[in-house]
Every structure is written in structure tokens, then in C-alpha cells.
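Novice: Here is a sequence with its predicted model. Questions after.
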Amino acid sequence: MLAPRTTALLWPAMPTIDYSILASDLRGWARELGFQQVGISGTKLDDDEAHLLNWLKAGRHGEMDYMARHGSKRSHPAELLPGTLRVISVRMDYLPARARDGWEVLDDSASGYVARYALGRDYHKLMRNRLQKLADRLADKVGPFGYRAFVDSAPVLERALARDAGLGWIGKHTCLINRDAGSWFFLGELYTDLELPIDAPASAHCGTCTRCIDICPTQAIVGPYQVDARRCIAYLTIELGGSIPHDLRRPMGNRIFGCDDCQLVCPWNKFAQVTPEADFAPRHALDGSRLVDLFGWTEEEFLKRTEGSPIRRTGYAGWLRNIAVALGNAQHSAEVVEALGRRADHPSELVREHVEWALAEQAEKRLA
């Protein structure tokens, strides 16, 4: 847990600190703690705030009401944590070395595709612990100071801050891209009152490339740097609590938790490095298990096998809903039909409705 002093920025910066040396030390400590990169930014995000407000006004956040709930705190760091002067952004690679090839899984309609970031341990706690250790090293050097650590856990424009800290540019798919490391990485932040020197922002290098836009299965990337979350498979399989729109079910294919197509096709990911973190290695063969096997999990098995996993977020009924859609999209077989039939009277109306759809899809394929 964070120490009490981190709940607000109350400690004045010490005038005797050489911030240039401190920033250099910070980078070394970050690497020792397993972060591949660290950068420092200011807090001015006017253009990004305008982009966010336009996105919200268009309703592209869908059911993610929390995106609008915090007012301007997301784009004004000092409103979220009073006294914030700088944001320290860190990058941690997550691409596992021994995972089944993503394209191979997507091409196999009998297998379930899980976004690469969710194959292993949930990154939130791991990165927060490392950020806390980084803050502790800073405190050992300068004494008590104001800070708070975030890992996708508060209203933070993490990609904009990371861009301003020099960690990469925001691509046309809205993911952050690093020219030396691609986009398979997590981000975390330390908000702080230390007046550290600010890094130069990263320049953009997407050029005329539109591969991510062209490949999106549900056409969720409605234009360069514009994603309609309501069409995004990550949103549909994780954030959406109810029924998946009928017109988006077939394009989902066998993607049962998230979607990586825009990253898989990105030419910059030829520079991506595999993660050295053992915790991000695939668990329970989730890098390409058979759909019928995953659909057979009981709720107890689901809870046991997703303990400490991001997949828990979708819930058991959501998990079965997603897999039912994938089974409907799978090549017809008696095994698939039998697996769906065993869930036809599931207690959840949500599951039953998607199973009914999937059985109808399988029947149509049998007659084709």
C-alpha cells in the first residue's frame, strides 16, 4: 500500500537537489526495477483534453461512463493530485516469448484468441509495486516528497503523458508506439511535485500507413487517431456488460478477450522485444486453447484459472458470452454444436441468448 504521505502533495521541493543528476539516477533505478524506459513530462494537455471532450460528446465511449465521470481531472493532473508538477512515465514490455503465434491462433477458428497482454498475470499490481519501489528510491535520495503511483487505476491520460515524456507517439490506432520497441508494452505513472527536467516529446512516424485502420475487424478505427469504442472488440468482450450487437458478432471471429489485430499488423512491431518478466508468460494455455474446452469451464474453474488475471474483469457470464460468439463463428462440427447445446439452458439470459445465436449460425453452416 502507498504510504500516507502519497495521498496528497504536501512536501515542498528541496532547493538543494540537483534535479539533472536525480533524473539520471531515476533512469538507472527504473531499469534495475524492470522498466524498459522512463521519461518525464509536464502537465499541460490542452490539445488532448479537446480530443477527449469531442470523443465523449460523440458518445464513442459507450457504456464506459467513468471516462466522463471525473470532469477535467483526466487532463489536469494537478486537479487529480494537488501540487503535481511533473509526471514520471514508465514503459514495461509484455510480449511473451513462448506464446503461440497470434496470426496462427486467429486463423484457427477452433481456438480462442486472448489479447497478448492478458495471457499471464495481471500487470496492475506488479507495476504498482515496482513504481512504489521507484518512489522509495527517490525518497531515500531527496527525503519525503509528494507523489502518487498510477497504473490504469485513475483518470489519467497515460498515452498523452507518455508521448510528452518521449516514450513514443500515439498511432492512428490510438496505441502508443515506440520506434525502437513497437507497441507491446504497459504504461505506468508517478505524479510528483519534484521539479525534474522535462524530456522532449516523441515525434510521430506513422506517415501514410493505414494498416491498422484497414485491418480492424469491426471497423472501430473510424479515422486516423479516432476509435469508436462501441465497435471495438476489446470493448465488446471486456467492458460491455450486455448483449453484443448482432452486426458485430461475425466480425469478432474467434477473439474472446480483447483484440490485437491493429498491433499485429503494425510494421513498427518488428522492433518489439519479448518481455523478461516470467509473470507475463501464458497461463493455462490461454495463448490458443480450443474453444470447446474453454466453454466447458465451470464457474469454479473460471475463477480458479483466472485468479490474478485481467480476464476476471469480464466475469464468468461474459466469458461464456464471448466464447459462444466465437463458437458460432467456428467451422461447423458436431463437437461445437454439442458444446453449445450443453449451455442452451444456462441460468444466465445473456449466455442463453448468445448460445441461441451461435446454434443458428452453426445450423446455417451445416446447410450451406
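Specialist: The structure has been received and is ready for your questions. Worth saying up front: this structure is predicted, and the values here are computed from it rather than measured.
Novice: Confirm Arg91 sits in a helix?
Specialist: No. Under DSSP: H, G, I helix; E, B strand; the rest coil, Arg91 falls outside any helix and is assigned strand.
Novice: Any idea how many residues pack against it?
Specialist: Residues near Arg91, counting by other Cβ atoms under 10 Å, number 22. C-beta here means a position set from N, CA and C on the backbone, and glycine is covered the same way.
Novice: Could you do Asn54 as well?
Specialist: The number of residues packed near Asn54 is 11, by other Cβ under 10 Å.
Novice: domains of the chain?
Specialist: Recorded structural domains for the chain (assignment: automatic domain parsing) are 4-98+120-192, 211-367.
Novice: With mean pLDDT and distance to Ala202 as extra columns, can I get these in JSON lines?
Specialist: Below are those laid out as JSON lines (pLDDT from 0 to 100; distance: least, Cβ to Cβ, whole Å):
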{"stretch": "domain 4-98+120-192", "mean pLDDT": "93", "distance to Ala202": "5"}
{"stretch": "domain 211-367", "mean pLDDT": "97", "distance to Ala202": "12"}
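Novice: Reformat the ones you listed as CSV; add distance to Tyr113.
Specialist: Putting those into CSV (distance: least, Cβ to Cβ, whole Å) gives the following:
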stretch, distance to Tyr113
domain 4-98+120-192, 14
domain 211-367, 5
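Novice: Quick one, which of the ones you listed gets closest to Glu104.
Specialist: Closest to Glu104 of the domains of the chain, according to Cβ to Cβ: domain 211-367, at 7.3 Å.
Novice: can you map out the strands along the protein?
Specialist: 37-41, 86-93, 113-114, 147-150, 169-170, 176-177, 185-192, 221-223, 226-227, 255-257 (DSSP state E).
Novice: Run the chain-centre distance for the first one.
Specialist: So the one you mean is strand 37-41. 19 Å (Cα atoms, centre = their mean, to the nearest Å).
Novice: helices or strands up against that strand?
Specialist: helix 19-32, strand 86-93, helix 158-164 (3 or more Cβ pairs under 8 Å, 6 or more residues apart in numbering; DSSP states H and E).
Novice: Tell me which of those is the most buried.
Specialist: Sort those by mean neighbour count, taking mean count of other Cβ atoms under 10 Å, and strand 86-93 sits at the top with a mean of 25.
Novice: what packs against that one?
Specialist: Using 3+ Cβ pairs under 8 Å, 6+ apart, strand 86-93 sits against strand 37-41, helix 123-142, helix 158-164, strand 185-192.
Novice: Neighbouring strands of the first one in the sheet, and parallel or not?
Specialist: Strand 37-41 has the following sheet partners, assigned by DSSP bridges: strand 86-93 (antiparallel).
Novice: okay, the angle between the strand it pairs with and strand 185-192?
Specialist: 160 degrees (axes from the mean of the first three to the mean of the last three Cα atoms, to 10 degrees).
Novice: I'd like the strands of the chain as CSV, with distance to Asn329 appended.
Specialist: Converted to CSV, those look like this (distance: least, Cβ to Cβ, whole Å):
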stretch, distance to Asn329
strand 37-41, 38
strand 86-93, 31
strand 113-114, 11
strand 147-150, 37
strand 169-170, 31
strand 176-177, 30
strand 185-192, 29
strand 221-223, 21
strand 226-227, 23
strand 255-257, 9
